[in-house]
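Participant: pasting the sequence and the predicted model now:
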Amino acid sequence: MKELKQDLEERWFLHQFTDDKVFDLFEKWGQKFYFGVDCSANSMTIGNFVALMMAVHFMLRGNTCYLLVWWATSTIGNPSWKDDERPILTEEDLAKNQAWIEAQFHRLTQNISQITGKQLKYETVNNYDFHKVLNVLDFMKEVGRFMTVNWMIGKDIVKKRITDPDKYISYAEFSYMLIMGYDYYYLWKNKWVILEVGGSDEWDGILAGIELVSKKDGASVYGVTNKLIMDANGKKFGKSEGNAVWLDSEKTSPYEVYQYFINTLDADIERYLKLFSFLSLEEISEIVSKHDIAPEKREWQKFLAATVVEMVHGKTQAQISEKISEFLFGSWDKIELLQNLSSEEFELFASEIGSIEYMDQNLFGLFIESGLEQSGGTARNSISSGALSLNEQKISDTNYNFSEDFIDNKFLLLRKGKKNYRLVVK
C-alpha cells in the first residue's frame, strides 16, 4: 500500500489540507477522525460518496472514523455555497433522517469491508446530543468569545452572502461556523479526534473547528478536503438529468446508480476507477490501456458501475443490475436470462423493470394495467402496427389466447416497442 498522502493525491481525492504532518500520523494507524453528514435529507448522495471514499482510505489504514450526524446544524441550515436558506425541518423529520443515514453508513462500511477484506472501525455521534445541553449563555462563553467576527466574515461561505447586494445571510446561518467549530472541539476533547475530512465546500467549517481547538486548548488538529469532481464535459459529478443521484434505493434504484456509472465518459474512466475502486494504480493504468484499444465495448464502465453498486447496495444488487442492463441492451436470450434467475433475483428484477400480478386479465387488460398502454383502443392500434410482443413474439391477433404461454407456469414477458418491458407474474 502506498503512503497515504501519495495515494490520495494520485487517486484525485486531495484538495486542501492544513499540515503535511497529518498524513504521517494517520499512516501509523490508531488515530481518530470524523466525517460529517447533515440531516437535511434521509440519504447521502453520490456527491457525499466522494468524501466518504476518502474517509475509507483513512479507515483502511487502521484508523477509527466518527460519523458525525449534523442534527443540530440541520435545524438552522448550512450557508455552504447555497444562495438561500434551507427549509427548517421538524424533530420528527430529523430523527427519521438520522436513522436512515446511520443505517446507510453502516451498510456501506460493511459492504466495503467485504470487498476489501479489512474491518472498518467507526462510531456514530449525533451533534444534537451535546449541543442541546448548552444554553445560549453557555454557548457564547464556551464558543462565541473565542471566535472573532473579523475572522468569520473573511471566510468565503459568509463573504459571498454579505458582499452580493442580492443575497443575505441570517444570524442563524452566520452562527453555523460556531456550531461546526464546537463539533470539532467536543470530539477533540471527548474522543481525542484530531482530523476532520470532508468536501471542499466544508473547508471554512473545518477551519472554524481548528481555530476553536487552538484558541481554547492550544492544541493542533487538522483538516483534509477532497476535490469537487466534474466530468470531462464540466458537469458536476453526482447529477443525473438535473437530479441528485442518491445512495438510498427508494430515491435512486441500484440499477439507476449502475446506469449512471455505465454512462461514464471515456475521458473520465481512469479518474473514476481511482476514486471508486480499490484496484491498484498499476492495475488501473493497464485497464485504461486496454480500454483505449476497444472503448466501444465499455467493459470498464461496466466494471466501475458494478463496483459502485456493490459498495452501496451489496453484491446481489450489483449482479442483478448487470443482468438488467444486459437484458435491456445486450444480446442474451431474454427469456433464458429470466428463467435462470434465482427467486430473490427474479423479485428484484421484477421490481426494477415493473410487474403486475396475473388476475385473469384479458390480453388488453395486461398491457393497460402494466402501464404499457392507456386503453383498449391504443392497444389495438399498437397490435396493428406490430409494436406489442408477448414472450418476445409479436402479437398480431387481438383475441390471442395466452393462457398456455406462461414461462415455467410462472411469468409472461410483455414488451412495447424496443425497450419497454413489464412482467406478468402468477
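Facilitator: Happy to help now that I have it.

Participant: the bottom helix or strand of the protein by mean pLDDT?
Facilitator: Within the chain, no helix or strand scores below strand 239-240, which has a mean of 65 by mean pLDDT, DSSP states H and E.

Participant: got a list of what the residue nearest in space to the middle of the chain touches?
Facilitator: In the chain, the residue lying closest to the centroid (Cα atoms, centre = their mean) is residue 46, at 2.9 Å. With contact set as Cβ atoms under 8 Å, 6 or more residues apart in numbering, residue 46 has these partners: 237-238, 244-247, 257, 260. Just so you know, the C-beta spots here come from the backbone N, C-alpha and C atoms, and that holds for glycine as well.

Participant: which ones among those map onto strands?
Facilitator: With DSSP state E as the criterion, strands contain residue 244 from among those.

Participant: put the buried members of the contacts of residue 46 into a ChimeraX selection.
Facilitator: For selection in ChimeraX, the members of the contacts of residue 46 meeting the burial criterion (16 or more other Cβ atoms under 10 Å) are listed in this command:
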select :237,238,244,245,246,247,257,260
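
Participant: and the contacts of residue 46, which is the shakiest by pLDDT?
Facilitator: Minimum pLDDT across the contacts of residue 46 is recorded for residue 238, with 73.

Participant: from what I can see that one touches residue 244, true?
Facilitator: Yes. In this structure, residue 238 sits in contact with residue 244. The criterion is Cβ atoms under 8 Å, and the distance is 6.2 Å.

Participant: and for the two, which residues touch both?
Facilitator: With Cβ under 8 Å, 6+ apart applied, the overlap between the contact sets of residue 238 and residue 244 consists of 45-47.

Participant: closest one of those residues to residue 407?
Facilitator: residue 46 (36.2 Å; Cβ to Cβ).

Participant: measure the closest one to residue 9 for me?
Facilitator: Separation of residue 46 from residue 9 (Cβ to Cβ, to the nearest Å) stands at 22 Å.

Participant: for residue 60, same thing?
Facilitator: Counting by Cβ to Cβ, the gap from residue 60 to residue 9 is 16 Å.

Participant: compare these two (neighbour count), which wins?
Facilitator: residue 60 (19 against 13; other Cβ atoms under 10 Å).

Participant: contacting residues for that one?
Facilitator: Taking Cβ under 8 Å, 6+ apart as the definition of contact, the neighbours of residue 60 are 1, 116, 118, 120.

Participant: looking at those, which are in helices?
Facilitator: Residues of these located in helices (DSSP state H): residue 116.

Participant: which of the contacts of residue 60 are buried?
Facilitator: Among the contacts of residue 60, the ones that count as buried by 16+ other Cβ under 10 Å are residue 120.

Participant: I'd like the contacts of residue 60 laid out as a markdown table, including distance to residue 68 and pLDDT.
Facilitator: Shown next, in a markdown table, are those (distance: Cβ to Cβ, whole Å; pLDDT from 0 to 100):
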| residue | distance to residue 68 | pLDDT |
| --- | --- | --- |
| 1 | 27 | 70 |
| 116 | 23 | 96 |
| 118 | 22 | 95 |
| 120 | 16 | 97 |
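
Participant: reformat the contacts of residue 60 as a markdown table; add distance to residue 410.
Facilitator: As requested, those are exported to a markdown table (distance: Cβ to Cβ, whole Å):
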| residue | distance to residue 410 |
| --- | --- |
| 1 | 48 |
| 116 | 38 |
| 118 | 41 |
| 120 | 40 |
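
Participant: for the contacts of residue 60, which one is nearest residue 35?
Facilitator: For residue 35, the closest of these turns out to be residue 120, at 11.7 Å, with distances computed as Cβ to Cβ.

Participant: report pLDDT for the nearest residue to residue 264 once chain neighbours are set aside.
Facilitator: Counting by Cβ to Cβ, 6 or more residues apart in numbering, residue 301 is the residue found nearest to residue 264 once chain neighbours are left out, at 5.1 Å. At residue 301, the pLDDT value in this model is 94.

Participant: now name the helix or strand holding residue 301.
Facilitator: Residue 301 belongs to helix 299-313 when assigned by DSSP states H and E.

Participant: in the helix or strand following that helix, what's buried?
Facilitator: With elements assigned by DSSP H and E, the helix or strand that comes after helix 299-313 is helix 315-329. Neighbour counts over helix 315-329 (16+ other Cβ under 10 Å) mark 317-325, 327 as buried.

Participant: in TSV: these, plus pLDDT and distance to residue 366.
Facilitator: Formatted as TSV, the entries for those read as follows, by pLDDT from 0 to 100; distance: Cβ to Cβ, whole Å:
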residue	pLDDT	distance to residue 366
317	93	28
318	95	31
319	93	29
320	93	24
321	94	26
322	93	28
323	92	23
324	92	21
325	92	25
327	91	19
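
Participant: let's have these in a markdown table, adding distance to residue 283.
Facilitator: Output for the buried residues of helix 315-329, formatted as a markdown table (distance: Cβ to Cβ, whole Å):
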| residue | distance to residue 283 |
| --- | --- |
| 317 | 24 |
| 318 | 19 |
| 319 | 22 |
| 320 | 26 |
| 321 | 23 |
| 322 | 20 |
| 323 | 25 |
| 324 | 27 |
| 325 | 23 |
| 327 | 29 |
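
Participant: I figured residue 182 hits residue 131, correct?
Facilitator: Yes. With contact defined as Cβ under 8 Å, residue 182 reaches residue 131; the gap is 7.2 Å.

Participant: for the nearest residue to residue 144 once chain neighbours are set aside, grab the count of nearby residues.
Facilitator: Leaving aside its chain neighbours, residue 144 sits nearest to residue 178 (6.4 Å; criterion: Cβ to Cβ, 6+ apart). Neighbours of residue 178 under the rule other Cβ under 10 Å: 20.

Participant: go on, residue 371?
Facilitator: Counted with other Cβ under 10 Å, residues neighbouring residue 371 total 13.

Participant: my read: it touches residue 354, true?
Facilitator: Yes. Counting by Cβ under 8 Å, residue 371 does reach residue 354; the two are 6.9 Å apart.

Participant: between those two, which contacts overlap?
Facilitator: When Cβ under 8 Å, 6+ apart defines a contact, the residues bordering residue 371 and residue 354 alike are residue 422.

Participant: correct me if wrong: residue 217 contacts residue 186.
Facilitator: No. In this structure residue 217 lies outside contact range of residue 186 using Cβ under 8 Å: 11.9 Å.

Participant: show me which of these two is the more surrounded one.
Facilitator: Between residue 217 and residue 186, counted using other Cβ under 10 Å, residue 186 has the larger neighbour count: 21 against 12.

Participant: for that one, give me its contacts.
Facilitator: Residues near residue 186 by Cβ under 8 Å, 6+ apart: 127, 130.

Participant: no further queries at this time; thank you.
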